[in-house]
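coordinates only, sequence not included:
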């Protein structure tokens, strides 16, 4: 499936931390550039997500803010 | 200000495209890794955002999805 | 690509309304059940989205609220 | 209350799965068309939400992405 | 309709600024405490929203970040 | 860091409720005007967030809906 999301960053899953219903997944999209996703445990299971494998972080443009040093 | 957002990726502003109320800003956070943000024109003005300068993409973990090739 | 998003609803594109940078796309996912998506014009172009064709509305579970009649 | 949200889909609550602070609620908005919402446990309690009853999934247009088969 | 959203702040509409498809609405929820909402023009019309009247800002808890001064 | 987010409301942390991976933080931004944020436990720890101290709720304009009494 092709997506409207402007941000699809491929990387390597470096950590999966499951809670009771929600999991935090960390993807390294470039050396030392890591994105953390908070997704459902069900999603982790459905994707059969495992550390070390390739996956993408998908982010809608309207969910990205900009920050600038004062 | 320190933020709860898990994802704060510093990079270089490579494009600013303003619409009537909403602007799209592109930040290169690593070579060939670009994030697009959809923010208000007012925000672009308040931050005095300009192409070429350093800025960060800020994203809440709950706004990041994971995709995996079939 | 397989997605972590819990909500992927296939339907028919029944309307595309472009603004200057943002477009509104309506997808009928069941008879008289319509979802409206606000996406970038760029996304509409990249997907070559056209009225009448099949597409899916993709929504993260954390972006869905619940309402109940009083 | 009338809402600005473009997407208010009425259906039947078919599952409520509570975690420690976050719950997943599934609403069937048309035959075999199910939306999953991730909301706080407090919200489940405040709404006195129960399986089998009528409720609505409420989604902002800016939180809906579009996907299209390649 | 009663909502799962943890944040429903009533106030006075002090500004409505329409773009081509998206409008920015400002609501004063306490003296000098103002929230800006980016909603569709269609939503402004459907709600017949006018400056000076009472309305509420509705925000899901998962869309609120926390910032703290260094 | 200066942020593009239109909504940065300073207040006092009145409650922190941690789950297994996700915490709910309540900030009083004006007398009896309270915002609830759902953030990661990691964020609570990184910010060394404590009840009674000053912090800000940060919300993107595109995450704010408007409601109006019928």
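Here it is on my side, so go on. Just so it is clear, the structure is predicted and the values come from calculations on it, not from any experiment. Numbering: from 1, shown residues only, chains lettered A, B, ... in the order given.

how close does residue A:25 sit to chain F?
Taking CB to the nearest CB, to the nearest Å as the measure, residue A:25 and chain F are separated by 11 Å. Quick note: C-beta positions are derived from backbone N, CA and C, even for glycine.

per-residue pLDDT of that residue, please?
The predicted local confidence for residue A:25 comes out at a pLDDT of 97.

and the angle for the strand or helix carrying it with strand B:22-30?
When elements are defined using DSSP states H and E, residue A:25 is found to belong to strand A:22-30. With axes from the mean of the first three to the mean of the last three CA atoms, to 10 degrees defining the directions, strand A:22-30 sits at 70 degrees from strand B:22-30.

please name every helix or strand in contact with strand A:22-30.
Counting by 3 or more CB pairs under 8 Å, 6 or more residues apart in numbering or on different chains; DSSP states H and E, the packing neighbours recorded for strand A:22-30 are strand A:7-18, strand A:33-40, helix A:41-46, strand A:54-59, strand B:22-30.

which residues touch it?
For strand A:22-30, contacts defined as CB atoms under 8 Å, 6 or more residues apart in numbering or on different chains pick out A:9-17, A:34-41, A:43-44, A:49, A:55-57, B:6, B:29-31, B:33, B:61, B:66, D:19, D:22, D:38, F:20-22, F:40, F:42.

who does the residue lying closest to residue A:53 once chain neighbours are set aside bridge with?
For residue A:53, the nearest residue in space outside its immediate sequence neighbours is residue A:13; the separation is 5.6 Å by CB to CB, 6 or more residues apart in numbering or on different chains. Residue A:13 forms beta bridges with residue A:27, as assigned by DSSP bridges.

shouldn't residue A:13 be in contact with residue A:47?
No - judged on CB atoms under 8 Å, residue A:13 makes no contact with residue A:47 at a distance of 9.8 Å.

between these two, which contacts overlap?
Here residue A:13 and residue A:47 share the contacting residues residue A:55, scored by CB under 8 Å, 6+ apart.

quick revisit: number of nearby residues for the residue nearest to residue A:53?
By other CB atoms under 10 Å in any protein chain shown, 21 other residues sit near residue A:13.

can you pull the pLDDT of it?
pLDDT, the model's per-residue confidence, is 98 for residue A:13.

give the contact list for it.
Residues near residue A:13 by CB under 8 Å, 6+ apart: A:25, A:26, A:27, A:49, A:50, A:51, A:52, A:53, A:54, A:55.

the second one and chain E, how far apart?
Residue A:26 sits 18 Å away from chain E, going by CB to the nearest CB.

buried stuff in stretch A:13-27?
A:13, A:16, A:17, A:19, A:20, A:21, A:22, A:23, A:24, A:25, A:26, A:27 (16 or more other CB atoms under 10 Å in any protein chain shown).

what's the answer for stretch A:28-46, then?
A:28-30, A:33-44.
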